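Peer 1: Build the 3D model from these lines:
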Amino acid sequence: MQNVKEQKIKLEQKKNRLIAEETRLKLKERKMRTHHLIEVGGLITKTGLDYLPTNTLYGALLSIVESLETNQAIKDEWTRVGKTKLDEEQTNKHAVILKFKQEPSNEIRKIIRNHGLRWNKLRSEWYGYCANINSLKNDLSTTQYQIEEL
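Peer 2: As a prediction, the model looks like this:
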């Protein structure tokens with residue numbers, strides 16, 4: 001009788017571990033899906049189409065699907081063009097660290113974020129990869145800052 005109770009307890013523990021593992025996997029899957037959706041949205045923004053209404057974007061994407069179904073060579077061409085452009089963007093970006101003597105205004109922070117930099121709370125500095133450093137410097141011309149190109 002004792003052996004049966006021990007087996008029940010072990011099976012219950014195993015069941016609980018499987019439930020916990022299933023929960024972890026669902027969470028991981030949700031995070032991966034969210035990351036993918038953000039990445040796709042970022043591509044829409046990167047192309048400059050984010051100003052279009054949702055219906056227009058959806059129609060354009062449906063049109064793309066139709067084009068791919070009728071002509072497979074289009075996909076190869078798009079892949080080549082996209083890879084070339086992304087590679088070009090990566091090689092043109094420069095690592096930057098940006099520091100201010102006093103906290104910048106909300107407007108300046110927005111400009112900095114638009115240039116792709118992020119705030120490092122621990123080091124109290126902005127950092128990241130900037131595609132156009134001269135444009136960043138021009139946008140910050142009214143403030144005092146220190147910029148370090150790595």
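Peer 1: Now do the strands in the chain.
Peer 2: With DSSP state E as the criterion, the chain has strands at 94-100, 117-120, 125-130, 145-149.
Peer 1: Dump the ones you listed to CSV, plus distance to Arg24, mean neighbour count and mean pLDDT.
Peer 2: C-betas here are computed from N, CA, C, even on glycine. Rendered in CSV, the data for the strands of the chain read as follows (distance: least, C-beta to C-beta, whole Å; neighbours: other C-beta atoms under 10 Å; pLDDT from 0 to 100):
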stretch, distance to Arg24, mean neighbour count, mean pLDDT
strand 94-100, 35, 16, 90
strand 117-120, 28, 15, 92
strand 125-130, 31, 19, 90
strand 145-149, 41, 12, 86
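Peer 1: Could I get the pLDDT score of Asn1?
Peer 2: Not Asn; residue 1 is Met. What the model reports for Met1 is a pLDDT of 68.
Peer 1: Gly48 is nearest to which of the strands of the chain?
Peer 2: strand 125-130 (18.6 Å; C-beta to C-beta).
Peer 1: I'd like the strands of the chain laid out as CSV, including distance to Arg30.
Peer 2: Below are the strands of the chain laid out as CSV (distance: least, C-beta to C-beta, whole Å):
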stretch, distance to Arg30
strand 94-100, 32
strand 117-120, 24
strand 125-130, 27
strand 145-149, 38
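Peer 1: just so I know, which of those lies nearest Ile111?
Peer 2: When these are compared (using C-beta to C-beta), the closest one is strand 117-120, at 9.5 Å.
Peer 1: Tell me the strands beside that closest one, with direction?
Peer 2: Strands adjacent to strand 117-120 in the sheet, as given by DSSP bridges, are strand 125-130 (antiparallel).
Peer 1: Send me the partner strand as CSV with only the CA atoms.
Peer 2: What follows is strand 125-130, C-alpha atoms only, in CSV (Å, rounded to 0.1, in the frame of the first residue of the first chain):
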residue,chain,number,x,y,z
GLU,A,125,25.2,57.6,-21.3
TRP,A,126,23.6,57.0,-24.7
TYR,A,127,25.0,54.3,-26.9
GLY,A,128,24.4,52.3,-30.1
TYR,A,129,25.0,52.3,-33.8
CYS,A,130,24.4,55.4,-35.7
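Peer 1: still on that earlier bit, wait, which of the strands of the chain is closest to Lys75?
Peer 2: Per C-beta to C-beta, nearest to Lys75 of these: strand 125-130, 28.7 Å.
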